[in-house]
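Peer 1: Here is the input, now give the coordinates:
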Amino acid sequence: MDQRIIANYEAAKALYEAHGIDVDAALEKLAEIKISMHCWQGDDVRGFLNKSQALTGGISVTGNYPGAAGTPQELRADLEKAFSLIPGKHKVSLHAIYADTDEKVELDRIEPKHFESWVDWAREQGLGLDFNPTCFSHEKSADGFTLSHPDPAVRRFWIDHCKAARKVGAYFGEQLGQTCVTNVWVPDGLKDTPADRLAPRARLKDALDEVFAEELDPAHNLDAVESKLFGLGSEAYVVGSHEFYMGYGIANNKLICLDAGHFHPTEVISNKLSALSLFADGILLHVSRPMRWDSDHVVAFDDELIEIGRELVRGDLLGKTHIGLDFFDASINRVAAWVIGTRNTIKALLRGFLDPVEALRKAENEFDFTTRLALQEEFKSYPFGAVWDYYCAKQGVPVREAWLAEVKAYEKDVLLKRGAQAAVANN
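Peer 2: Below is the predicted model:
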């Protein structure tokens, strides 16, 4: 390791330890945290079961940067490259449409065998897998409704799909020895003011009850439910609102997913974590970056991300929170987007570990708000970056922006050639 990195780390460590912060212990804890990196950033949420199907369900990916993955093999290669530049060992979150099979299979008939190559790969890479049923971009979701659809036949299709997805998730957990989180999100809603808000929610509740009826080993699979404020085509009404899923999750012992982009623009999920933790068995966190709306920008190291990291650390919530990413940006290098977003999420957790939590709590409990504010402000300029550099070097990944050169080389050697080959094939 570069001696300058070590020297800077030792100097920073002394400053933090003067406030009772055990920096070495913080890095050990950080190394144990797994971020679930989403596969769909690599190919613009197209998947492999039916790549000709246009995106629906309020999802929109903008940009046409060259080199999007077109096969499972290409996607896994891109994921490997990204993980080689990110400190720690993590997980990959798959959607059902990313099945790796030559068999023509409908979503309600997916089985573990359609994902065996993903399990083999994850085992070789030392990664875990999470899962998501894909309740969008399908002819049976064209009406804007899935699990709450008024047609029992359509509703049955999506119920069977979600039931099959849970079994795939349990297979992941059993095979890899890492619990799989299977997250149910549906885009159901209406573009304009509904005449009946209750009936679709009653249908969704009944459908979910059937989806989750079979008990699965929680060591292998944990179920999560995810809300949304609105989407394209469902601006006026979303069946699965936050209130609906918070109630359902608490009543039925399911993880409640908080997605940073799924709330009103003036709301932040950092302020929801502690409240929800008192009542929910567990939380699934989708880290995204909304801009004006749920536009799923690449996660930046901004104030809200830092606050999320602080809340998870200060509230001792990491043991019950599963952290995943959810964004898709085709305007920049897709591998770089993964690296930037994941590294930033880990940085935010490190910042949380390096806060003088006990001193801040003491000042607050004594109503010494002067000391609280002074410490909060002064710690903003503490040498956090030196600790981050040391952690990256210790984990064997590039320090600072050095990773960018590797991504640029990968783009030149792999991604641009892939894009050129795709263009030739299309012509």
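Peer 1: In contact with C135, which residues?
Peer 2: 57, 141, 146-147, 158, 161-162, 184-187 (Cβ atoms under 8 Å, 6 or more residues apart in numbering). Placement of C-beta: from N, CA and C, glycine included.
Peer 1: Let me know how buried R314 is, in neighbour terms.
Peer 2: 16 (other Cβ atoms under 10 Å).
Peer 1: Dump the contacts of C135 to a markdown table, plus pLDDT and neighbour count.
Peer 2: Shown next, in a markdown table, are the contacts of C135 (pLDDT from 0 to 100; neighbours: other Cβ atoms under 10 Å):
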| residue | pLDDT | neighbour count |
| --- | --- | --- |
| G57 | 69 | 25 |
| S141 | 88 | 23 |
| T146 | 96 | 28 |
| L147 | 97 | 27 |
| W158 | 97 | 26 |
| H161 | 97 | 23 |
| C162 | 98 | 27 |
| V184 | 98 | 24 |
| W185 | 96 | 25 |
| V186 | 96 | 26 |
| P187 | 94 | 23 |
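Peer 1: and which of these is nearest V339?
Peer 2: Set against V339, the nearest of those by Cβ to Cβ is W185 (25.0 Å).
Peer 1: Does the residue lying closest to that closest one once chain neighbours are set aside have any beta-bridge partners, and if so which?
Peer 2: Spatial nearest neighbour of W185, chain neighbours left out: E226 (4.0 Å); criterion: Cβ to Cβ, 6 or more residues apart in numbering. With DSSP bridges as the criterion, E226 is bridged to C257.
Peer 1: Do a quick rundown of the strands in the stretch 301-427 of the chain.
Peer 2: 321-325 (DSSP state E, counting those that start in this stretch).
Peer 1: buried sites along the longest helix seen in the chain?
Peer 2: The longest helix of the chain (DSSP state H) is helix 152-176. Residues of helix 152-176 classed as buried: 154-155, 157-176 (neighbour count, 16 or more other Cβ atoms under 10 Å).
Peer 1: What are the boundaries of the strands in the stretch 101-250 of the chain?
Peer 2: Under the criterion DSSP E, counting those that start in this stretch, the stretch 101-250 of the chain contains strands at 128-132, 180-184, 189-190, 221-226, 237-238.
Peer 1: and of these, who's closest to A409?
Peer 2: Per Cβ to Cβ, nearest to A409 of the strands of the stretch 101-250 of the chain: strand 128-132, 28.1 Å.
Peer 1: can you pull the alpha-carbon coordinates of that closest one into CSV?
Peer 2: Taking Å, rounded to 0.1, in the frame of the first residue of the first chain, the C-alpha atoms of strand 128-132 are listed here in CSV:
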residue,chain,number,x,y,z
GLY,A,128,-25.4,-13.2,-2.9
LEU,A,129,-28.5,-12.8,-5.0
ASP,A,130,-31.8,-11.0,-4.4
PHE,A,131,-34.9,-11.2,-6.6
ASN,A,132,-37.9,-9.3,-8.0
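Peer 1: Other residues contacting that strand?
Peer 2: 34, 36, 90-96, 118-119, 122, 165, 168-169, 172, 176, 178-185, 322, 324.
Peer 1: make it 7 Å
Peer 2: 34, 36, 91-96, 118-119, 122, 165, 168-169, 172, 176, 178, 180-183, 185, 324 (Cβ atoms under 7 Å, 6 or more residues apart in numbering).
Peer 1: pLDDT of that strand, averaged?
Peer 2: What strand 128-132 shows for mean pLDDT is 98.
Peer 1: got the angle for it vs strand 321-325?
Peer 2: 80 degrees (axes from the mean of the first three to the mean of the last three Cα atoms, to 10 degrees).
Peer 1: what distance separates strand 128-132 from the centre of its chain?
Peer 2: Remark: strand 128-132 is offset 10 Å from the chain centroid, using Cα atoms, centre = their mean, to the nearest Å.
Peer 1: per-residue pLDDT, H138?
Peer 2: Taking H138 on its own, its pLDDT is 85.
Peer 1: residues touching it, list them.
Peer 2: Contacts of H138 by Cβ under 7 Å, 6+ apart are 53, 107.
Peer 1: Report the contact partners of T321.
Peer 2: 283, 285, 312.
Peer 1: For it, which non-adjacent residue is spatially closest?
Peer 2: Closest to T321 by Cβ to Cβ, 6+ apart is I283, at 4.6 Å.
Peer 1: Please apply the same query to D217.
Peer 2: A170 (6.7 Å).
Peer 1: shouldn't the one you found be in contact with A219?
Peer 2: No - contact between A170 and A219 fails when scored by Cβ atoms under 7 Å: they sit 9.5 Å apart.
Peer 1: list the contacts for K272?
Peer 2: L258.
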